[in-house]
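> The sequence and its predicted three-dimensional model are supplied below.
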Amino acid sequence: MPAPTAKLGVKWLSPTDIRSTLDSIHTNRNAHSNLLRRLTENVERHRQQVSESLRSLDAKDRPSVVAKSVSGKRLELVRETADQRLAHTRELVALSDRIKSAAIHYKSPVQMLMRDTLGSERRSRIMQQIANSGPVELASLAEFAAATSDKELAAALCSRVSDLNRIDRPFSSVDLANVLCGELHRELGQAILEAERRVLEALNEDTEFETGKPNPQRSVEIAMLKKREQEVGAYQADDEVEEGAANDDAALIDDTPTGRIESGLQSRRNPGSTPANPV
């Protein structure tokens, strides 16, 4: 197996940075979607007005005349709003690319665990103390680290068992890291997928406004990303939250990405409870 090659020059984003960037994507996406909704309503009003004004025209000729007039109105609005719509989509792409580039820093829970405890004196002392520990003691300490959410102990144990032959390791470093960092890893992984999906949805909606129909290939990509988000399941996706609120008039859920993430994570921790309304 070839040695891994470090990808240098990738900007660091903390979990808070990723959540904040996702908030910005959500705000931009809403503004862009509302703009297209108003423009579409404008086109539909024009269609109705033209259709009403041509009621005296022969029924077989009316549809083509209306369609031509609507097409002209659509092209007019497309030209008038081109710069505004482009500004929205460019910003969305830039924000999404920012999050996607940071994915290299969140490849696995093990990577996150080892980085979080880097430079810890306690971790170094623990590594010295367990340097000669046997499988039974290592397994017991791993159980203790998982039960107490002790990241420094867990990181020291992961380093220790990495020196052992695979068949002699009393626990899996991946499993231990997943207990301590798995939830955050899933949340950020889903946020990266959501950022990509929102950009595609914006581009698809923009294309649909310009041409009158969405891009089929892009629609498939959006559906696949939604499926991957559901498989990660770290928090409720926006459409799931909206559907739940529609089915329950009493449901009050913050529709920002941060609010939905908090609600989704709480529902995972307490499956039988209703997500709390953020203060």
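Ah, there it is.
> drop to CA atoms for contacts and neighbour counts, all remaining ones
Will do.
> Could you measure from residue 34 over to residue 21?
Separation of residue 34 from residue 21 (C-alpha to C-alpha, to the nearest Å) stands at 20 Å.
> Those two: which is more packed in?
When residue 34 and residue 21 are compared for neighbours, residue 21 comes out ahead with 21 against 12, by other C-alpha atoms under 10 Å.
> Surely that one touches residue 95?
Yes: counting by C-alpha atoms under 8 Å, residue 95 is a contact partner of residue 21 at 6.5 Å.
> Using the three-state scheme, assign residue 118.
At residue 118, secondary structure determined by DSSP: H, G, I helix; E, B strand; the rest coil is coil.
> Could you pull up phi and psi at it?
When read as degrees, to the nearest 10, the backbone of residue 118 gives phi -60, psi 130.
> ditto for residue 59
Main-chain dihedrals, residue 59, degrees, to the nearest 10: phi -60, psi -30.
> burial measure for residue 161, as a count.
By the criterion of other C-alpha under 10 Å, residue 161 has 20 neighbours.
> Just give me the neighbour total for the nearest residue to it once chain neighbours are set aside.
The shortest distance from residue 161 to any non-neighbouring residue, by C-alpha to C-alpha, 6 or more residues apart in numbering, is to residue 169 (5.9 Å). Residues within reach of residue 169, counting by other C-alpha under 10 Å, total 18.
> again, but for the one 10 residues further on
Other residues near residue 179 number 16, with proximity taken as other C-alpha under 10 Å.
> residues contacting it?
Going by C-alpha atoms under 8 Å, 6 or more residues apart in numbering, residue 179 touches 146, 149.
> what helix or strand is it on?
Using DSSP states H and E, residue 179 falls within helix 173-211.
> Would you mind listing the buried residues in that helix?
173, 176-182, 184-206, 209-210 (16 or more other C-alpha atoms under 10 Å).
> helix or strand right after that helix?
That would be, after helix 173-211 and using DSSP H and E, helix 216-232.
> just checking, what packs against that following helix?
Judged by 3 or more C-alpha pairs under 8 Å, 6 or more residues apart in numbering; DSSP states H and E, helix 216-232 is in contact with helix 173-211.
> what separates the helix it packs on from the chain centre, distance-wise?
Put simply, helix 173-211 sits 3 Å off its chain's centre (C-alpha atoms, centre = their mean, to the nearest Å).
> I'd like the average pLDDT over it.
Here helix 173-211 scores 95 as its mean pLDDT.
> Where do the helices of the protein begin and end?
In the chain, the segments counted as helices under DSSP state H are 15-53, 62-80, 82-101, 109-116, 121-129, 135-148, 151-161, 173-211, 216-232, 238-247, 257-269.
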